[in-house]
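>>> Predicted model and sequence follow; I will ask about them next.
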Amino acid sequence: MDAIYGEGLLRVMADQADHPPWLGFWRTMAFLGSPTFYSALIPIAFAILPRRASLRLALLFASSATLAEGLKHAIGRARPDPTIFGLGEGLEHAGSFENAALPSGHALMAVVLWGWLALRTRSLPVRTTALVVILLISFSRLALIRHDLLDVAAGWCAGAALLLGVQRGDRAWGESLARLPGIEGAGLWLLSCVVLQMVVGLDVTAIVLGVAAGLGTGAIAAARLRARATRPGPLSILGRIVLGVAAVAAARILAEPQTGVAATMLFGIYFGAALWVA
């Protein structure tokens, strides 16, 4: 087993989290940084936010999750073993995880997605809330003994670098890409996701990139229709949210259990669901 960095802090937090009220709190914080939560959040965002903001969110979701899983696969660092802390069964064993530890995907994606929200607003309360959520999601990985300090710190650094890179890239090329005709823009988005999946080649990235491909392709292709349409009312927005979440739930059911499902099939299932959402 790899060395545990910050073992004393993990022991103190895990001892506190071993009690029912705190265990539920840290599990809730971990859920706010989980793919399940983001899967439900993105259809809501696409129903409410402007198209360009929705596309940025899809790009950040796909790039952060792909980066996290790619680094985990390349580095292969083992997760901490909860059994050495002598705690109760409330804290699940690290052996239930199939992927590696470094970097913490929760910490990386929290910095990218919640950090993006903080950068989009000048509201101090919103920025403060986003920062607190990032910290709580990250610390939940320590309290639940899913990662150590090195994993979480690596997630913060990788997430900050990715967010900065996307922000600079958007300023440099965003306007030019936005002026592309709908078919060309949708084709470029889809091709980028397919090529990235071919390079990385993991089952989990097939899900993430399938979602991103469907969201981006559908949103860009439908841009002209949206431009001509009137602003949707509350019932229309609610209907979009319900149908979007239902599509994601259907995709998760079709793709489970993932054992024996080819990466290409996973990509196709989630691409179809996300295309419907967009």
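Right, received. Where do you want to start?
>>> Okay, helices next: where are they in this protein?
Per DSSP state H, the chain carries helices over the ranges 7-17, 20-31, 35-48, 51-75, 105-120, 124-143, 149-178, 182-200, 203-221, 223-228, 234-254, 263-277.
>>> Out of the ones you listed, which gets the lowest mean score?
For the helices of the chain, mean pLDDT drops lowest on helix 223-228, to a mean of 56.
>>> Ala78 and Ser34: what is the separation?
Look at Ala78 and Ser34: by Cβ to Cβ, to the nearest Å, they are 21 Å apart. No exception for glycine: its C-beta is placed from N, CA and C like everyone else's.
>>> My error: substitute Leu117 in the last question.
17 Å.
>>> one step back: quick one: which of the helices of the chain is nearest Thr83?
Each of the helices of the chain has some distance to Thr83 by Cβ to Cβ; the shortest is helix 7-17, at 11.4 Å.
>>> got the buried residues for that closest one?
Using 16 or more other Cβ atoms under 10 Å as the test for burial, helix 7-17 gives Leu10, Arg11, Met13, Ala14, Ala17.
>>> Against which helices or strands is it packed?
helix 20-31, helix 124-143 (3 or more Cβ pairs under 8 Å, 6 or more residues apart in numbering; DSSP states H and E).
>>> who has more neighbours, Ala78 and Ser34?
Ser34 (17 against 12; other Cβ atoms under 10 Å).
>>> Could you find the closest non-adjacent residue to that one?
His106 (7.1 Å; Cβ to Cβ, 6 or more residues apart in numbering).
>>> how many other residues sit next to that neighbour?
His106 - counted by other Cβ under 10 Å - has 27 other residues nearby.
>>> list the contacts for it?
Ala30, Gly33, Ser34, Ile137, Ser138, Ser140, Arg141, Arg146, His147, Gly155 (Cβ atoms under 8 Å, 6 or more residues apart in numbering).
>>> So Leu67 is in contact with Ala161, correct?
No: if you go by Cβ atoms under 8 Å, Leu67 and Ala161 don't touch, sitting 9.2 Å apart.
>>> between those two, which one's more packed in?
Leu67 (22 against 14).
>>> From Ala130, how far off is the most centrally placed residue in the chain?
Centroid-nearest residue in the chain: Phe61, 4.6 Å away (criterion: Cα atoms, centre = their mean). Noted for Phe61: a distance of 16 Å to Ala130, by Cβ to Cβ.
>>> Equivalent analysis for Phe271, please.
Distance, Phe271 to Ala130, by Cβ to Cβ: 30 Å.
>>> Looking at those two, which is more packed in?
More neighbours surround Phe271 than the other of Phe271 and Ala130, with 25 against 22 (other Cβ under 10 Å).
>>> list the contacts for that one?
Here Phe271 is in contact with Gly210, Val211, Ala213, Gly214, Thr217 (Cβ under 8 Å, 6+ apart).
>>> and the gap between it and Thr28?
In terms of Cβ to Cβ, Phe271 sits 31 Å off from Thr28.
>>> same deal with Leu135?
Taken as Cβ to Cβ, the span from Leu135 to Thr28 is 14 Å.
>>> If you count surrounding residues, which of the two has more?
Neighbours per residue (other Cβ under 10 Å) separate Leu135 from Thr28, with Leu135 holding more: 15 against 11.
>>> hang on, isn't Asp203 packed against Thr264?
No: between Asp203 and Thr264 there is no contact under Cβ under 8 Å: 10.2 Å.
>>> what is in contact with the two at once?
With Cβ under 8 Å, 6+ apart, Asp203 and Thr264 have no common neighbours.
>>> So between those two, which is more surrounded?
It is Asp203, of Asp203 and Thr264, that has more neighbours when counted by other Cβ under 10 Å, with 17 against 11.
>>> In space, what's closest to that one - neighbours in sequence excluded?
Ala263 (5.1 Å).
>>> Thanks a lot, catch you later.
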